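>>> Pasting the sequence and the predicted coordinates here, then a few questions.
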Amino acid sequence: MLLEWLGERINPGHVGHLNIHENDRTRSRFSIIVMGVVAVFVAALPLYFFYCYGSSERGLWAEEFFIFSIEILYLGVAYVLKPEPDTRNMGWFGWLDNPFRISDDYNRFLLFFSAVLLPGRLVSIGLIDLFYAIKWR
């Protein structure tokens, strides 16, 4: 860790960015409807599995509300934040950690964060596009 801090001061590397996502909505109506229907199905899966397999008692609305609120929070964060790592600085040979730069660790974290948020971004874009397609119909 100390070598990374010292090496970064001598030869700084490029670090990616955490940007705000802007939806351009340049998709066809058919793709919006297909992606929206798939997004509704995927968004309802956690509640379905909790209802069928999660508890022996029925009517636990507090737990279902908690799962729903966590899912909405994840979808909101995935829609708004768009991590973009600088792939030129991902370590030696693209997979081996550079012991003299901490910026490659930041880029690896941004890459991991973008992989975690990608399913939520796809679902949230599908839901929002479907909402706007129905609203402006």
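Ah, there it is. Residues are numbered from 1 along each chain as shown.
>>> how much space between the residue nearest the centre of the chain and Asp97?
When C-alpha atoms, centre = their mean is applied to the chain, the residue found nearest the centroid is Leu117 (1.2 Å). According to C-beta to C-beta, to the nearest Å, Leu117 stands 23 Å off from Asp97. For glycine as for every other residue, the C-beta is placed from the backbone atoms N, C-alpha and C.
>>> Checking Arg88 next. Helix, strand or coil?
State at Arg88, reduced to three classes by DSSP: H, G, I helix; E, B strand; the rest coil: coil.
>>> need the contact list for it.
When contacts are counted by C-beta atoms under 8 Å, 6 or more residues apart in numbering, Arg88 touches His14.
>>> just use 26 as the starting number from now, easier for me
Let's use 26 as the start, then, which means that last one is Arg113.
>>> Buried ones in the lengthiest helix in the chain, by neighbour count?
Looking across the chain with DSSP state H, the single longest helix is helix 128-160. Neighbour-count burial for helix 128-160, counted by 16 or more other C-beta atoms under 10 Å, picks out 128-133, 135-136, 138-139, 142, 145-155.
>>> same deal with stretch 64-83?
Buried-residue list, stretch 64-83, by 16+ other C-beta under 10 Å: 64, 68, 71, 75.
>>> for the record, mean pLDDT for it?
On average, the pLDDT along stretch 64-83 is 78.
>>> Between which two of the buried residues of stretch 64-83 is the distance greatest?
For these, with distances taken as C-beta to C-beta, the pair at the greatest spread is Ala64 and Phe75 (18.7 Å).
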